[in-house]
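Novice: I would like to see how this sequence folds:
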Amino acid sequence: MEAKLKELQQRAILDIDSAGFTDDLEKVRIKYLGKKGELTEVLRGMGALSAEERPLVGKIANEVREEIESHLDKAKFLIKGKEMNKRLETESIDVTMPGAEITLGKRHPLTQGMDELKDIFISMGFQVAEGPEVETVHYNFDALNAAPNHPSRDMSDTFYINDDVILRTQTSPVQVRVMEKTKPPIRIISPGRCFRNDTPDATHSPMFHQLEGLVVGKGITLADLKGTLEVFVKKFLGEHTQIKFRPHFFPFTEPSAEVDATCFKCGGSGCGFCKKSGWIELLGAGMVHPNVLRNCGIDPEVYSGFAFGMGVDRLVMLKYGIDDIRLLYDNDMRFLNQF
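Specialist: Numbers count the residues shown, from 1 in each chain. The predicted structure follows:
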């Protein structure tokens, strides 16, 4: 058995020395040291040895294994060095060739618009407040003074998960949540995604973005609302922009108004963009309804407030002259790269 092991060691070393590549070395290793290798087969015959012979043969077998493994490691180091040198000789890099162009990402026009709006209102002292996109009927409708038969509650307008849970149709629920937990004075904006059961077309999308604002305190009047919105439109659309209020109805404000701004294309003189009127519709606003304040635990006899809400998608479309809201969601880089 001892002679057989020594003979196996010699053959293994010869095979290792004759190997020219790392793949050849791996084959030699498997041949002699693998689970079905020659050394393993020899050791299986140790059962026929006497009790006195087994320790001696076992010691020799371990020495043979260690010698083969040591020789394999040395050969692998030398062969890898030769292979690396050969690669260096045959492969080359032309440093004068132009490099691969790296395409840098950029902010989506909606993100640009949202960031600009937030920056404007933060500079005016507003804080950003956020809330869940999956809302309850209470926060989305009931607390905002929407009557049980209000059309916006219909399944044709709102995505219902169950009778009490919906996808929010506006970011107004954030205002309610803030008023419930915060004592006036309050000055917040609530930007985010909203969802309505609309069929996609040039001006409608089942998902869109809103930014709403809320101010509550003592002595807040309609003049404060008008002044705030005048500062906003001048920063967003230009210093010469003017605004006007048109009476409207919203269940959560009283009085309520639609707010128009002079057309930033023609300066109010009338053009095709504003349909010759000189004005473009921007947003809705009004004084917070006393019932809304009362629903949130705020005494309307002591505090008053104003609120406004704008569609970010619409403002982005107006500012950049985009005529189809679907372009904002198609992810066509030919379109997005313009911004």
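Novice: What is the worst-scoring helix or strand of the chain on mean pLDDT packed up against?
Specialist: Between all helices and strands in the chain, the lowest mean by mean pLDDT, DSSP states H and E belongs to helix 38-44, at a mean of 74. If contacts are counted by 3 or more C-beta pairs under 8 Å, 6 or more residues apart in numbering; DSSP states H and E, helix 38-44 sits against helix 2-18, helix 22-33, helix 53-90. Yep, even glycine has a C-beta here, placed from its N, CA and C like the rest.
Novice: And the contacts of that helix?
Specialist: 1, 4-5, 8, 31-34, 61, 64-65, 68 (C-beta atoms under 8 Å, 6 or more residues apart in numbering).
Novice: Quick check: buried residues in that helix?
Specialist: Neighbour-count burial for helix 38-44, counted by 16 or more other C-beta atoms under 10 Å, picks out 38-39, 42-43.
Novice: could those go into TSV alongside distance to Arg187?
Specialist: Below are the buried residues of helix 38-44 laid out as TSV (distance: C-beta to C-beta, whole Å):
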residue	distance to Arg187
Glu38	84
Leu39	82
Val42	87
Leu43	83
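Novice: which one of these sits closest to Phe159?
Specialist: Leu39 (70.7 Å; C-beta to C-beta).
Novice: Assign Leu283 to helix, strand or coil.
Specialist: strand (DSSP: H, G, I helix; E, B strand; the rest coil).
Novice: what about it, neighbour count?
Specialist: Burial of Leu283 is recorded as 23 neighbouring residues (other C-beta atoms under 10 Å).
Novice: again, but for the one 3 residues further on
Specialist: In terms of burial, Gly286 registers 24 neighbours under the definition other C-beta under 10 Å.
Novice: Let me know the pLDDT of it.
Specialist: Listed pLDDT for Gly286 reads 96.
Novice: what about it, which SS state?
Specialist: With three-state DSSP as the basis, Gly286 sits in strand.
Novice: Can you name the residues bridging to it?
Specialist: Here Gly286 sits in beta bridges with Ser256, Ala307, going by DSSP bridges.
Novice: and it, what does it touch?
Specialist: 225, 248, 250, 252-257, 306-308.
Novice: For Asp330, state which of the residues you listed is nearest.
Specialist: Asp330 has its nearest neighbour among the contacts of Gly286 in Phe308, at 29.7 Å by C-beta to C-beta.
Novice: what number of residues lie near the nearest residue to the closest one once chain neighbours are set aside?
Specialist: Excluding the flanking residues, the one nearest Phe308 by C-beta to C-beta, 6 or more residues apart in numbering is Ala285, at 3.7 Å. The local packing of Ala285 (other C-beta under 10 Å) involves 27 other residues.
Novice: Kindly report the same for Phe126.
Specialist: Residues within reach of Phe126, counting by other C-beta under 10 Å, total 19.
Novice: tell me the contacts of it?
Specialist: So Phe126 contacts 187-189, 213 (C-beta under 8 Å, 6+ apart).
Novice: Now with 10 Å, please.
Specialist: Phe126 is in contact with 118, 120, 186-190, 213-215, 228, counting by C-beta atoms under 10 Å, 6 or more residues apart in numbering.
Novice: Over to Val259?
Specialist: Neighbour list for Val259: 225-226, 229-230, 232-233, 243-246, 248, 281-286, 308, 310 [criterion: C-beta under 10 Å, 6+ apart].
Novice: Alpha carbons only: can I get the least confident helix or strand of the chain in PDB?
Specialist: Provided in PDB are the C-alpha atoms of helix 38-44 (Å, rounded to 0.1, in the frame of the first residue of the first chain):
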ATOM      1  CA  GLU A  38      -7.200   7.600  -7.500                       C
ATOM      2  CA  LEU A  39      -6.100   8.600  -3.900                       C
ATOM      3  CA  THR A  40      -9.700   8.100  -2.700                       C
ATOM      4  CA  GLU A  41      -9.800   4.700  -4.300                       C
ATOM      5  CA  VAL A  42      -6.600   3.600  -2.700                       C
ATOM      6  CA  LEU A  43      -7.800   4.800   0.700                       C
ATOM      7  CA  ARG A  44     -10.900   2.700   0.400                       C
END
